[in-house]
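> No sequence on hand, only this structure:
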């Protein structure tokens, strides 16, 4: 065996050993953060439902987006799983994976769904724009998903194109993609959810006929929200959604027009802004209380309870808006 081959083999063994040491160190740190004390009931009640933005990457350019592609960072599967362990031990019962567009990282998303469901016992939901959901992914990972939400802001192709939901100008295919996802959910027994951002481009639309046909399990309507550093038109903002803002009266008119839809859940800015517990791509809680997004320290570094103290989360508003509901689908034994 040549000296070069021996050198390569030795270098490979050292690399594997270093990786093992790093993994053991991270696991040890996480164990210290997780299990030195039992979670308090106060913390458990506050972290029942958590939203994890696995990446800011997105294939759409929605003009009102308030979690924009400011980077392409994402954790590896190992660290992301450790984060789920911390959340589970602290009392999290439901995890919602979002982005960005989570299906841009299909393997990571699928393995996290599987781990959250099988190893952590959590209910699992996903919010997606619906453009990248494939039948093969659903066959492989669909059994681990309870709820799949798709963003549907309009049933008019021109309006979707104007919003930036899918591009394609006058040939916008967003609705057709969403209908395919609805069928995939039905085939897999996954609860189908709709999210609608009500803005200046769609607040006059009547969606009743389409929604009645789709029969979503839940339909959330959000008033277009402006957050500094994301979509407020500032020097560091990717989007300027100020022209898409609507008044509370305009939002209420949209809600009144669809009041016959029993699954409709209206969320004006005053309800939405601080009532979601958000984790970014580095597993940092995001504090939106000052009309921006201020990240906490990562839960991997300081644990859930300490990071939670920096979250600006309004748990009473979370409960008042119906944040706890029947979030587990029926499964055959």
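Perfect, thanks for sending it. Note that the structure is a prediction, hence the values are computed from the model and not measured.
> can we go C-alpha only for contacts and neighbour counts from here?
Will do.
> Chain neighbours aside, what residue packs nearest to residue 231?
Once flanking residues are discounted, residue 231 sits nearest to residue 239: 4.1 Å by C-alpha to C-alpha, 6 or more residues apart in numbering.
> Show me where the stretch 1-150 of the chain has its strands.
With DSSP state E, counting those that start in this stretch applied, the stretch 1-150 of the chain shows strands at 49-53, 94-98, 123-128, 147-151, listed in chain order.
> mean confidence for the second one?
It refers to strand 94-98. The average pLDDT for strand 94-98 rounds to 98.
> Name the residue closest to the centre of this structure, please.
Using C-alpha atoms, centre = their mean, the residue of the chain that lies closest to the mean C-alpha position is residue 98, 2.1 Å off.
> quick one, longest strand in this protein?
Secondary structure of the chain read by DSSP state E shows that its longest strand is strand 191-198.
> Cross-check the contact I'm expecting between residue 314 and residue 274.
Yes - Residue 314 sits in contact with residue 274 when judged by C-alpha atoms under 8 Å, with a separation of 5.5 Å.
> When these two are compared, which one has more neighbours?
Taking neighbours as other C-alpha atoms under 10 Å, residue 314 and residue 274 compare with residue 274 leading, 23 against 17.
> ok, back up a step: identify each buried residue in whichever helix or strand comes after the longest strand of the chain, please.
Proceeding C-terminally, strand 191-198 gives way to helix 208-214 as the next helix or strand, assigned by DSSP states H and E. By neighbour count with 16 or more other C-alpha atoms under 10 Å, helix 208-214 contains the buried residues residue 211.
> Averaged pLDDT, helix 208-214. What do you get?
For helix 208-214, the mean pLDDT works out to 95.
> quick one: contacts of that helix?
Contact partners of helix 208-214, identified using C-alpha atoms under 8 Å, 6 or more residues apart in numbering, comprise 155, 182, 258, 261.
> Are any of these buried, and if so which?
Those of the contacts of helix 208-214 that meet the buried threshold are 155, 182, 258, 261, by 16+ other C-alpha under 10 Å.
> State the pLDDT value of residue 32.
In this model, residue 32 is scored at 48, pLDDT.
> of the contacts of helix 208-214, closest to residue 80?
Minimum distance to residue 80 across the contacts of helix 208-214 is 28.3 Å, recorded for residue 182 (C-alpha to C-alpha).
> ok, which pair from the buried ones among the contacts of helix 208-214 is furthest apart?
For the buried ones among the contacts of helix 208-214, the maximum inter-member distance is 20.4 Å, found between 182 and 258 (C-alpha to C-alpha).
> for the record, mean pLDDT for stretch 43-54?
95.
> Take the strands of the stretch 1-150 of the chain and lay them out in CSV including distance to residue 87.
As requested, the strands of the stretch 1-150 of the chain are arranged in CSV below (distance: least, C-alpha to C-alpha, whole Å):
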stretch, distance to residue 87
strand 49-53, 8
strand 94-98, 9
strand 123-128, 13
strand 147-151, 19
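> Quick one, which of those strands gets closest to residue 172.
Within these, the stretch nearest residue 172 is strand 147-151; the backing value is 14.4 Å (C-alpha to C-alpha).
> Counting by contacts, list what the helix or strand just after that closest one packs against.
Moving toward the C-terminus from strand 147-151, the next helix or strand (DSSP H and E) is helix 157-163. For helix 157-163, the elements it packs on are helix 174-188, judged by 3 or more C-alpha pairs under 8 Å, 6 or more residues apart in numbering; DSSP states H and E.
> Run the angle between the helix it packs on and strand 147-151 for me.
170 degrees (axes from the mean of the first three to the mean of the last three C-alpha atoms, to 10 degrees).
> Residues contacting helix 174-188, please?
Under the criterion C-alpha under 8 Å, 6+ apart, residues 129-131, 133, 135, 138-139, 142-143, 148, 150, 152, 155, 157, 160, 165-166, 191-192, 214 lie in contact with helix 174-188.
> So how do I select the buried members of those residues in ChimeraX?
Written as a ChimeraX command, the selection of buried residues from the contacts of helix 174-188, which uses 16+ other C-alpha under 10 Å, is:
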select :129,130,131,133,138,142,148,150,152,155,157,160,165,166,191,192
